[in-house]
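Trainee: Test case, fold it:
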Amino acid sequence: MANQRKERCPWERLCPFATVFTAAAGVSRGVRGSLPDEFWEHTRGAQRESLLAMRSILDRLLARVESRRPRRPQRIKVE
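Mentor: Model (predicted):
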């Protein structure tokens, strides 16, 4: 058989979020049928909460970066 490699996120090796979600997807595929539906309902809720937590971290980092920007245009000398 030909070696079929699934396309991956180019940032997976650098991004901890991509690494975590790639690993979680692999685990869920392996055990999907052996766990009750209630487990998967809670898993989806936990996944949503994890994403919201990550978003709060990213929002805070973005606010910090944006607060460092100059508030008004600056004149620069072009040669």
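
Trainee: helix or strand right after the host helix or strand of residue 27?
Mentor: Residue 27 belongs to helix 16-31 when assigned by DSSP states H and E. Moving toward the C-terminus from helix 16-31, the next helix or strand (DSSP H and E) is helix 37-67.

Trainee: what separates that next one from the chain centre, distance-wise?
Mentor: Put simply, helix 37-67 sits 9 Å off its chain's centre (C-alpha atoms, centre = their mean, to the nearest Å).

Trainee: packing partners for it?
Mentor: helix 16-31 (3 or more C-beta pairs under 8 Å, 6 or more residues apart in numbering; DSSP states H and E). No exception for glycine: its C-beta is placed from N, CA and C like everyone else's.

Trainee: Which positions within the helix it packs on qualify as buried?
Mentor: Neighbour-count burial for helix 16-31 flags residue 21 (criterion: 16 or more other C-beta atoms under 10 Å).

Trainee: Now do it, average pLDDT.
Mentor: Averaging pLDDT along helix 16-31 gives 74.

Trainee: Taking helix 37-67 as reference, get the angle to it.
Mentor: If you take axes from the mean of the first three to the mean of the last three C-alpha atoms, to 10 degrees, helix 16-31 sits at 170 degrees to helix 37-67.

Trainee: what sits against the spatially most central residue of the chain?
Mentor: In the chain, the C-alpha nearest the mean C-alpha coordinate belongs to residue 17, at 3.9 Å (C-alpha atoms, centre = their mean). Residues in contact with residue 17 (C-beta atoms under 8 Å, 6 or more residues apart in numbering) are residue 54.
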